[in-house]
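In: structure of the sequence below:
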Amino acid sequence: MTSRFGAAVLRSYDSRFAVEEVILNTGPADGEILVRIAGCGMCRTDLAVRHSDGRSPLPVVLGHEGSGVVVETGGPHTGLSNGDHVVLSFDSCGHCRNCMNAAPAYCDSFASLNLFGGREEKAARLSDATGDDLAPRWFGQSSFAEYAVVPARNAVRVDPSLPIELLGPLGCGFLTGAGAVFNSFGAGPGDTIAFFGAGAVGLAAVMAAAASGAVTVAVDRHPERLALAERFGAIPLRAASADLPGRIRRLTDGGAQYALDTTASVQLINDALRALRPTGHLGLVARLRTALPLEPGALDRGRRISHICEGDAVPGLMIPRLTGLWQAGRFPFDELIRTYPLADINEAERDCDAGRVVKPVLLPAGRGR
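Out: Residues are numbered from 1 along each chain as shown. Okay, here's the model as predicted:
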């Protein structure tokens with residue numbers, strides 16, 4: 001068992017990440033696996049820990065879009081074997097009402113398992129070189145590291161011919177955007193969808209909408225993001241456009257049937273509602289940090305608004321669907337990725353914050369590009 005390895009540790013909410021040697025105190029228990037991480041996406045949720053008002057425990061190894069190779073299994077019932085290539089997704093209990101109803105993203109224990117402390121019975125899994133405990137694993141993974149111990153139910157086996165180092169974002173960010181289109185909206189040919197925000201989640205949603213045959217409009221303030229959205233099949237619109245809802249209604253023959261907001265902007269959320277046709281559905285994926293005042297009439301005529309978590313996806317079903325679409329040339333998520341060595345994690349965070357990269361992926365044993 002590998003007990004010492006490199007990992008990026010966040011020690012305070014306003015400090016830089018530090019790549020340190022960490023110690024794995026126990027190997028995989030029954031139902032768990034040890035994975036050698038090939039790559040891990042950096043997600044806005046990782047960086048939001050800095051603004052968690054102390055709720056996310058520190059010091060911690062973050063990272064929840066990991067992918068890699070199984071090197072050890074715990075117990076006989078993981079369903080996985082050494083050498084399997086896997087994509088890691090969010091944690092869930094597996095036995096609450098929502099988990100049993102194929103809705104693991106709405107697990108009764110989602111917040112405690114993924115965001116605020118992990119599984120109590122597996123609390124102290126990692127320590128630093130001095131022996132001090134690190135916070136329980138993040139999203140069941142803590143995959144800004146060379147290795148991670150994860151519940152086997154978090155791991156989805158994938159074709160070993162696929163570029164495993166690039167697949168991690170399929171476990172969260174890309175899954176969320178695509179799942180919103182396929183699952184939450186159930187979009188099909190001829191449907192109209194407006195996307196507000198053309199980051200990793202929004203652009204994954206644009207790709208999924210194109211694969212489903214929907215007509216799409218993408219709204220963003222960055223011209224280069226809009227250029228990507230247009231390349232993937234969307235009509236681009238600047239967020240500052242005059243009468244944005246009216247322009248979308250004209251482009252979608254009376255209003256979009258669906259809209260997806262990834263920005264948490266109060267103004268854009270109201271614009272999205274006003275751009276919907278009667279009975280239209282607006283989905284929100286970003287966490288709101290302020291009150292959400294709605295303009296008069298925004299929810300009239302059957303329009304509705306809901307929060308979408310993890311694209312309403314079952315990872316074991318959605319991830320193979322996305323890799324199949326990629327192999328068919330219909331979900332080119334790799335075009336959104338820039339890779340960085342794990343040692344350059346602070347550069348990746350700066351580039352992500354500045355909008356210079358759509359999806360950073362950290363390579364524990366790679367040079368990046």
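
In: hey, where'd the helices end up in the chain?
Out: 44-47, 97-100, 110-114, 173-179, 200-212, 223-231, 244-251, 266-275, 315-327, 345-354 (DSSP state H).

In: tell me the buried residues in the fourth one?
Out: Right, helix 173-179. Across helix 173-179, burial judged by 16 or more other CB atoms under 10 Å covers 173-179. Where you see a C-beta, it was placed from the backbone N, CA and C, and this is true even at glycine.

In: can I get the residues you listed in JSON lines with distance to Ala111 and pLDDT?
Out: Formatted as JSON lines, these follow (distance: CB to CB, whole Å; pLDDT from 0 to 100):
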{"residue": "Gly173", "distance to Ala111": "19", "pLDDT": "97"}
{"residue": "Phe174", "distance to Ala111": "22", "pLDDT": "98"}
{"residue": "Leu175", "distance to Ala111": "18", "pLDDT": "98"}
{"residue": "Thr176", "distance to Ala111": "16", "pLDDT": "98"}
{"residue": "Gly177", "distance to Ala111": "22", "pLDDT": "98"}
{"residue": "Ala178", "distance to Ala111": "23", "pLDDT": "98"}
{"residue": "Gly179", "distance to Ala111": "19", "pLDDT": "98"}
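
In: reformat the helices of the chain as a markdown table; add distance to Ser67.
Out: As requested, those are arranged in a markdown table below (distance: least, CB to CB, whole Å):
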| stretch | distance to Ser67 |
| --- | --- |
| helix 44-47 | 15 |
| helix 97-100 | 23 |
| helix 110-114 | 18 |
| helix 173-179 | 12 |
| helix 200-212 | 15 |
| helix 223-231 | 23 |
| helix 244-251 | 36 |
| helix 266-275 | 32 |
| helix 315-327 | 10 |
| helix 345-354 | 16 |
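
In: could you identify which of the ones you listed is most buried?
Out: Across the helices of the chain, averaging neighbours per residue (mean count of other CB atoms under 10 Å) puts helix 173-179 on top, at a mean of 30.

In: run the chain-centre distance for that helix.
Out: Here the centre of mass of C-alpha atoms in helix 173-179, compared against the chain's by CA atoms, centre = their mean, to the nearest Å, lies 7 Å away.

In: swap in stretch 156-163?
Out: Between the mean C-alpha position of stretch 156-163 and that of its chain there is a distance of 19 Å (CA atoms, centre = their mean).

In: same thing with stretch 235-250?
Out: With CA atoms, centre = their mean as the basis, the distance from the averaged C-alpha position of stretch 235-250 to the chain average is 27 Å.

In: now do stretch 9-28
Out: The gap between the average C-alpha position of stretch 9-28 and the chain average comes to 21 Å, counting by CA atoms, centre = their mean.

In: got it, and stretch 35-42?
Out: 14 Å.

In: check stretch 15-33 too.
Out: 21 Å.

In: buried residues, that stretch. List them.
Out: Judged by neighbour count (16+ other CB under 10 Å), stretch 15-33 contains these buried residues: 17, 19-20, 22-24, 27-28, 31-33.

In: now do the contacts for Arg97.
Out: Going by CB atoms under 8 Å, 6 or more residues apart in numbering, Arg97 touches Asp108.

In: now it: how far from Asp108?
Out: The span separating Arg97 from Asp108 equals 7 Å under the rule CB to CB, to the nearest Å.

In: check Leu58 too.
Out: Here Leu58 is placed at a distance of 25 Å from Asp108 (CB to CB).

In: and what of Arg55?
Out: Counting by CB to CB, the gap between Arg55 and Asp108 amounts to 18 Å.

In: and the two? Which one has more around it.
Out: Asp108 (14 against 10; other CB atoms under 10 Å).

In: look up phi and psi at that one.
Out: The phi/psi pair for Asp108 (degrees, to the nearest 10) reads phi -60, psi -30.

In: tell me the least confident of the buried residues of stretch 15-33?
Out: The pLDDT minimum for the buried residues of stretch 15-33 sits at Gly27, where the score is 88.

In: tell me the contacts of that residue?
Out: If you count contacts by CB under 8 Å, 6+ apart, Gly27 has them with 1, 34, 72, 74, 149.
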